[in-house]
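A.B. asks: What would the 3D arrangement of this be:
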Amino acid sequence: MKREEAAKLLHDLADSLARHNALDFDRDGTRLNVRVPDTVTVELELEIESDESSIEIEISW
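C.D. replies: Numbers count the residues shown, from 1 in each chain. I've put the predicted structure just below:
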């Protein structure tokens, strides 16, 4: 996936969460709508190594 595509995916998830208080997922041809409460826990982890870096975002409720 290109960087811009990853940014669009994150943007779409954030928009859905902000506007609809839910997240929509497609899994094996089935659409899932997951409601998200007003209060969540967010964990953000950044790993920087010499050959690879990663960011992990976890939202739980």
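A.B. asks: how about the strands in this protein?
C.D. replies: Assignment of strands within the chain using DSSP state E yields the ranges 22-27, 30-35, 41-48, 53-60.
A.B. asks: can you put those in a markdown table and add mean neighbour count and distance to Glu5?
C.D. replies: Using the backbone N, CA and C atoms, a C-beta is placed for each residue, glycine as well. Converted to a markdown table, the strands of the chain look like this (neighbours: other Cβ atoms under 10 Å; distance: least, Cβ to Cβ, whole Å):
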| stretch | mean neighbour count | distance to Glu5 |
| --- | --- | --- |
| strand 22-27 | 11 | 16 |
| strand 30-35 | 9 | 21 |
| strand 41-48 | 9 | 20 |
| strand 53-60 | 10 | 15 |
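A.B. asks: quick one: least confident helix or strand in the protein?
C.D. replies: Comparing helices and strands within the chain by mean pLDDT, DSSP states H and E singles out strand 22-27 as the least confident, with a mean of 86.
A.B. asks: Show me where the chain dips below the pLDDT cut-off.
C.D. replies: Regions of the chain meeting the criterion pLDDT under 70 are absent.
A.B. asks: Phi first, then psi, for the residue lying farthest from the centre of the chain.
C.D. replies: Distance to the chain centre peaks in the chain at Ser50, reaching 25.7 Å (criterion: Cα atoms, centre = their mean). Dihedral angles of Ser50 (phi, psi; degrees, to the nearest 10) stand at phi -60, psi -30.
A.B. asks: And Thr39, by the same measure?
C.D. replies: On the backbone of Thr39 - angles per degrees, to the nearest 10 - the values are phi -120, psi 130.
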